[in-house]
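Student: One predicted model, sequence on top.
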2 protein chains.
Amino acid sequence: MDVYEAIYTTRAMRRMKPDPIPEELLPKLFDAAIRGPNSGNTQLFRFITVTDPEMKQTIQKIYRACLDELNSTKYAGAQEQVKSGDPDSPEVQQTIKIDKSAQWLANHLHEAPMLIVVFGKEGGETTTFPCLWNLCLAARAEGLGTAITTLLKLDKQKVEDLLGMPRDDVWNMHALVPIGYPTGKWGVPNRKPAEQAVFTESWGQPVNWQVPKPLWP
Amino acid sequence: MDVYEAIYTTRAMRRMKPDPIPEELLPKLFDAAIRGPNSGNTQLFRFITVTDPEMKQTIQKIYRACLDELNSTKYAGAQEQVKSGDPDSPEVQQTIKIDKSAQWLANHLHEAPMLIVVFGKEGGETTTFPCLWNLCLAARAEGLGTAITTLLKLDKQKVEDLLGMPRDDVWNMHALVPIGYPTGKWGVPNRKPAEQAVFTESWGQPVNWQVPKPLWP
């Protein structure tokens, strides 16, 4: 697959078929992952692949509780906004769509054939996230969907204990990624025009180019 | 370019020709960057492209001072190890190689035709780093080398002031990336076997697969 097709169409896929990940793909996915950039080639990343149904179910319950906690705290304002806002406005529509998708994942996380848990050093997301993204791009090339989530960090200790992590303060859970064959279609994620995210020479100076539409396909 | 070729051969390229980045490539690179995953589609990333020679020189001087600071603090132990260690051991060899490359970059940073400065929210490297990595992969497909560095964060305030950032605590500099046509050859970065970074079901449980050699080419 062309690198631009992979970049443009690797959007978060949360709804997956139960079919298992073919075993011969695992070396491919992880060998791609570890090629990511990392400070001083220290390779401070670890992954756990979870397929055991009971383990997945336990993780799902923790995940569900994390989302409930978030709904009652950080997201409470957003939900209020949805209730009181114009239901036809694009902002409210997007909030509703994202919330629906998040709720769905929280109820069905264990149905993904595999959960990949990602670990790194504290502050080491500068290493783990490019590597994790390599894994998602390689998965995309193999027809596998992924969805990166950091929500479980709200109850990190519980997950780390469940997975038998030593309590030595060296490794930290950075993310969880369900992976599987998606039920939905691949698509280009919706973004504001790129030129709005880029300045030239100094903060606030607009660039002299525009992207009229996504450059792929 | 095939996505695996991009993933395998996008290693840090620090030595670059002075040739400018063709302007028509900028929309391509940044439109790829912003397709990266980001929490709730909040798109909390900004980039500044710096090509002004004086500005680049000033950034290089700050960068040089940051490395000097690091050498006298965090890296002092490593340098002691190099002096007292076996000069033929792979560890000492790697430390010497990385140090040499870092020193070179610190002295020549301004010679790259463009410096890209990356900004996000505090803790938002989970968003900025996959996007930045997309940019590096797209650059690779166009024959452009990149090298992600976070060293400037040691003197973040100075760089943010130089670039005219508002002091509003919203945006933070996350990384700096020199970009240009490399003088050296593309190559697959050296990594420990992938199976050493992956466990199955729980921490420490080895996987039942191996990667005999990098799976690309």
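Tutor: In hand now; what should we look at? Numbering: from 1, shown residues only, chains lettered A, B, ... in the order given.

Student: packing partners for the longest strand along chain A?
Tutor: Taking DSSP state E as the criterion, chain A has its longest strand at strand A:172-180. Where contact means 3 or more Cβ pairs under 8 Å, 6 or more residues apart in numbering or on different chains; DSSP states H and E, strand A:172-180 is packed against strand A:114-120, helix A:125-141, strand A:145-146, helix A:156-162. (C-beta placed from N, C-alpha, C; glycine too.)

Student: what angle separates it from helix B:125-141?
Tutor: When axes from the mean of the first three to the mean of the last three Cα atoms, to 10 degrees is applied, the directions of strand A:172-180 and helix B:125-141 differ by 60 degrees.

Student: Okay, buried residues for whichever helix or strand comes after strand A:172-180 please.
Tutor: Counting by DSSP states H and E, the next helix or strand C-terminal to strand A:172-180 is strand A:198-200. Using 16 or more other Cβ atoms under 10 Å in any protein chain shown as the test for burial, strand A:198-200 gives A:Val198, A:Phe199, A:Thr200.

Student: Now do the SS call for A:Leu109.
Tutor: Secondary structure, DSSP: H, G, I helix; E, B strand; the rest coil: A:Leu109 is helix.

Student: Excluding covalently adjacent residues, which one is nearest to it?
Tutor: Computed as Cβ to Cβ, 6 or more residues apart in numbering or on different chains, the closest residue to A:Leu109 that is not its neighbour in sequence is A:Gln60, at 4.2 Å.

Student: Contacts (any at all) between chain B and the worst-scoring helix or strand of chain A on mean pLDDT?
Tutor: Each helix and strand of chain A was given a mean pLDDT (mean pLDDT, DSSP states H and E); the minimum falls on helix A:76-84 at a mean of 72. No. On the criterion Cβ under 8 Å from any Cβ of the partner chain, helix A:76-84 is out of touch with chain B, staying 9.0 Å away.

Student: Just the pLDDT for the residue most central in space within chain A.
Tutor: For chain A, the residue nearest the mean C-alpha position is A:Ile148 (1.1 Å; Cα atoms, centre = their mean). pLDDT for A:Ile148: 97.

Student: Compute the distance between it and A:Lys97, please.
Tutor: Between A:Ile148 and A:Lys97 the distance is 18 Å, computed by Cβ to Cβ, to the nearest Å.

Student: Tell me the pLDDT of A:Glu166.
Tutor: Wrong residue type there; residue A:166 is Pro, not Glu. As predicted, A:Pro166 sits at a pLDDT of 89.

Student: er, A:Ser39 I mean
Tutor: For A:Ser39, pLDDT reads 86.

Student: likewise A:Ala197?
Tutor: pLDDT recorded at A:Ala197 is 98.

Student: residue ranges with poor pLDDT in chain A?
Tutor: A:75, A:79 (pLDDT under 70).

Student: got the contact list for A:Thr42?
Tutor: By Cβ atoms under 8 Å, 6 or more residues apart in numbering or on different chains, the contact list for A:Thr42 reads A:Thr127.

Student: where does it fall, phi/psi-wise?
Tutor: With angles defined as degrees, to the nearest 10, A:Thr42 sits at phi -80, psi -10.

Student: Pretty sure A:Tyr8 sits against A:Gly187.
Tutor: No. In this structure A:Tyr8 lies outside contact range of A:Gly187 using Cβ atoms under 8 Å: 9.0 Å.

Student: neighbour-wise, which of the two wins?
Tutor: Neighbour count, other Cβ atoms under 10 Å in any protein chain shown: between A:Tyr8 and A:Gly187, A:Tyr8 has more, with 22 against 10.

Student: circling back: can you name every helix or strand that the least confident helix or strand of chain A contacts?
Tutor: Here helix A:76-84 touches helix A:90-108, going by 3+ Cβ pairs under 8 Å, 6+ apart.

Student: 10 Å instead?
Tutor: If contacts are counted by 3 or more Cβ pairs under 10 Å, 6 or more residues apart in numbering or on different chains; DSSP states H and E, helix A:76-84 sits against helix A:53-72, helix A:90-108.

Student: For the longest one, report the contacting residues that lie outside it.
Tutor: Which is helix A:53-72. Helix A:53-72 is contacted by residues A:48, A:50, A:52, A:75-76, A:78-79, A:99, A:102-103, A:105-115, A:117, A:149-156, A:158-159, A:162-163, A:176, A:178, B:201-202 when judged by Cβ atoms under 10 Å, 6 or more residues apart in numbering or on different chains.

Student: Now that helix: buried residues?
Tutor: A:Met55, A:Lys56, A:Thr58, A:Ile59, A:Gln60, A:Ile62, A:Tyr63, A:Arg64, A:Cys66, A:Leu67, A:Leu70, A:Asn71.

Student: okay, these in TSV with distance to B:Arg167 next?
Tutor: Converted to TSV, these look like this (distance: Cβ to Cβ, whole Å):
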residue	distance to B:Arg167
A:Met55	47
A:Lys56	46
A:Thr58	45
A:Ile59	41
A:Gln60	43
A:Ile62	39
A:Tyr63	38
A:Arg64	40
A:Cys66	34
A:Leu67	35
A:Leu70	30
A:Asn71	34
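
Student: can you tell me which of the residues you listed lies nearest to B:Ile21?
Tutor: Of all the buried residues of helix A:53-72, B:Ile21 sits closest to A:Leu70, with 41.1 Å by Cβ to Cβ.

Student: sorry, back to before: what angle sits between the least confident helix or strand of chain A and helix A:90-108?
Tutor: 120 degrees.

Student: what angle do helix A:76-84 and helix A:53-72 make?
Tutor: Going by the same axes, to 10 degrees, helix A:76-84 makes 70 degrees with helix A:53-72.

Student: Now do the buried residues in helix A:76-84.
Tutor: Buried residues in helix A:76-84, defined by neighbour count with 16+ other Cβ under 10 Å: A:Ala78, A:Val82.

Student: what's the offset of it from the middle of its chain?
Tutor: 24 Å (Cα atoms, centre = their mean, to the nearest Å).

Student: Nothing else from me, thank you.
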